[in-house]
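**Student:** what follows is a predicted protein model with its sequence.
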Amino acid sequence: MRTLVTGATGGLGRNAVDALLAQGARVRGTGRDAAQREAFIARGADYVPADLARLTPATLDALLDGVDTVWHCAALSSPWGAYDDFYAANVRATAALAEGAVKRGVRRFVHISTPSIYFDYQHHADLPERYRPARFANHYAATKMLAEEAIQQQASTQHATRFIILRPRGLFGPHDRVVLPRILHLLKLRGGVLPLPRGGAARMDLTYLENVVHAMQCATTADVPSGAAYNITNHAPATLRDLLDQLLGQHLGLRYRIRAVPYPAMAVAARVMEMASAITHREPLLTRYSAAALHYDMTLANDRARIELGYVPPIDMAEGIRRTAHWLREHGNGIWQR
């Protein structure tokens with residue numbers, strides 16, 4: 001049998017495909033870029049190009065034929081954008097894929113969600129999986145919650161396919177296109193000065209990408225209820241300032257400095273950038289959500305994943321940062337160089 005990995009050209013998806021192939025598993029990847037097919041075949045994987053927001057029965061057949069496990073990593077992940085785009089990519093695609101998986105006899109469906117569904121512009125420590133804000137912070141969080149509800153609907157109405165939801169926090173590592181690229185881009189634009197609220201004192205969780213893949217492997221085999229959701233982290237919360245020092249300073253040798261800025265001023269600047277982006281239709285350099293995520297402490301409880309899934313991160317933060325720095329030197333564009 002075979003594992004389908006959606007979002008296979010993204011950071012998490014690429015790591016997932018590599019890990020499965022290294023174990024000798026049969027893998028089918030999917031993404032919107034048809035030009036990736038030859039590269040996947042060369043690595044030993046199938047590849048079916050597809051727009052998951054516009055799935056047809058024929059495309060579902062092509063994606064799910066011979067598949068017993070789905071790792072659904074694909075999503076529109078951004079602090080900025082139109083609600084309809086988020087809904088199509090995160091809700092409609094997930095609902096159609098989940099329904100298609102049930103109809104075609106898929107045994108296990110691992111859905112990658114996000115701790116952004118917890119964010120509410122307050123400090124938090126050890127947030128449990130049951131926490132919900134009074135309102136969601138942005139379109140991404142709102143639609144990822146709706147996607148979870150689509151998964152829960154399938155889990156509650158049938159028992160042939162078992163659905164597991166993972167909420168990994170702050171992904172970093174090889175092929176990451178979100179966390180570190182944004183920081184490095186900002187650092188380049190600001191001439192080596194990184195403006196951060198509270199001087200980077202916000203306490204947060206990050207998760208090395210290979211550890212998220214390990215969590216998906218745990219979720220694929222664990223005997224847990226269908227529809228169960230789990231926080232996934234590196235089990236090592238730290239301040240943003242310390243994490244940046246380890247990666248940028250100690251491992252990449254980057255000359256930079258953090259400039260503490262008042263959070264209210266950063267929030268106002270973000271609001272102005274958002275207003276300008278409403279006219280230009282370009283993503284702002286900073287959003288109110290992004291500014292707040294740099295300001296507020298947010299760490300997650302991890303007992304449930306450890307006890308029920310048996311998830312313990314095999315790669316600690318120090319080693320994950322070392323591997324990330326090595327990958328950036330080999331594959332990056334040199335913006336961290338001395």
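**Tutor:** Arrived safely, thanks for sending. Residues are numbered from 1 along each chain as shown.

**Student:** am I right that residue 243 is in contact with residue 205?
**Tutor:** No. Shown here, residue 243 and residue 205 do not form a contact pair, counting by CB atoms under 8 Å, at 10.1 Å. C-beta coordinates here come from the backbone N, C-alpha and C atoms, glycine included.

**Student:** and the two? which has more neighbours close in?
**Tutor:** Using other CB atoms under 10 Å as the criterion, residue 243 and residue 205 rank with residue 205 on top: 22 against 19.

**Student:** by mean pLDDT, flag the weakest helix or strand of the protein.
**Tutor:** Sorted by mean pLDDT, DSSP states H and E, the helices and strands of the chain end with helix 179-189, the least confident at a mean of 81.

**Student:** flag every buried residue along it.
**Tutor:** Within helix 179-189, the residues that qualify as buried are 180, 183, 184, 186, 187, counting by 16 or more other CB atoms under 10 Å.

**Student:** please apply the same query to stretch 125-141.
**Tutor:** Of the residues in stretch 125-141, those buried by neighbour count under the rule 16+ other CB under 10 Å are 127, 129, 136, 137, 138, 139, 140, 141.

**Student:** in those residues, find the pair that's most separated.
**Tutor:** Pairwise distances across the buried residues of stretch 125-141 (CB to CB) peak at 21.9 Å, for the pair 129 and 139.

**Student:** which residues of the stretch 101-250 of the chain fall in strands?
**Tutor:** Secondary structure of the stretch 101-250 of the chain by DSSP state E, counting those that start in this stretch: the strands cover 108-112, 124-127, 162-168, 171-172, 193-197, 203-204, 207-208, 228-232, 238-239.

**Student:** hmm, who's touching the fifth one?
**Tutor:** When contacts are defined by CB atoms under 8 Å, 6 or more residues apart in numbering, strand 193-197 is touched by residues 183, 186-187, 200, 202, 240-241, 244, 256-263, 266, 291, 294-295.

**Student:** please pick the buried ones from the residues you listed.
**Tutor:** With neighbours counted by 16+ other CB under 10 Å, the contacts of strand 193-197 contain buried members at 183, 186-187, 200, 202, 240-241, 244, 256, 258, 261, 263, 266, 291, 294-295.

**Student:** where does the chain dip in pLDDT?
**Tutor:** 332-338 (pLDDT under 70).

**Student:** where do the helices sit along it?
**Tutor:** Secondary structure of the chain by DSSP state H: the helices cover 11-22, 37-43, 57-64, 83-86, 93-103, 139-157, 179-189, 209-221, 240-244, 263-280, 288-295, 303-304, 317-331.

**Student:** what helices and strands are in contact with the last one?
**Tutor:** Read that as helix 317-331. In this structure, helix 317-331 makes packing contacts with strand 207-208, judged by 3 or more CB pairs under 8 Å, 6 or more residues apart in numbering; DSSP states H and E.

**Student:** distance of residue 203 from residue 243?
**Tutor:** As judged by CB to CB, to the nearest Å, residue 203 and residue 243 stand 10 Å apart.

**Student:** now do the shared contacts for these two.
**Tutor:** Common neighbours of residue 203 and residue 243 (CB under 8 Å, 6+ apart) do not exist.

**Student:** and among the strands of the stretch 101-250 of the chain, the most buried is which?
**Tutor:** Using mean count of other CB atoms under 10 Å, the stretch among the strands of the stretch 101-250 of the chain with the greatest mean number of neighbours is strand 207-208 (a mean of 29).

**Student:** who touches it?
**Tutor:** For strand 207-208, with CB under 8 Å, 6+ apart as the criterion, the contacting residues are 168-173, 232-234, 313, 315, 317, 319-320, 323-324.

**Student:** what do you get for stretch 25-38?
**Tutor:** For stretch 25-38, contacts defined as CB under 8 Å, 6+ apart pick out 1-10, 13, 17, 20-21, 40, 44-52, 63, 67, 74.

**Student:** now the residues you listed: which count as buried?
**Tutor:** 2-10, 13, 17, 20, 40, 45-50, 52, 63, 67, 74.

**Student:** closest one of the buried residues of stretch 125-141 to residue 154?
**Tutor:** Ranked by distance to residue 154 (CB to CB), the buried residues of stretch 125-141 are led by residue 129 at 18.6 Å.

**Student:** the closest one contacts residue 301, doesn't it?
**Tutor:** Yes. With contacts defined as CB under 8 Å, residue 129 counts as touching residue 301 at a distance of 7.4 Å.
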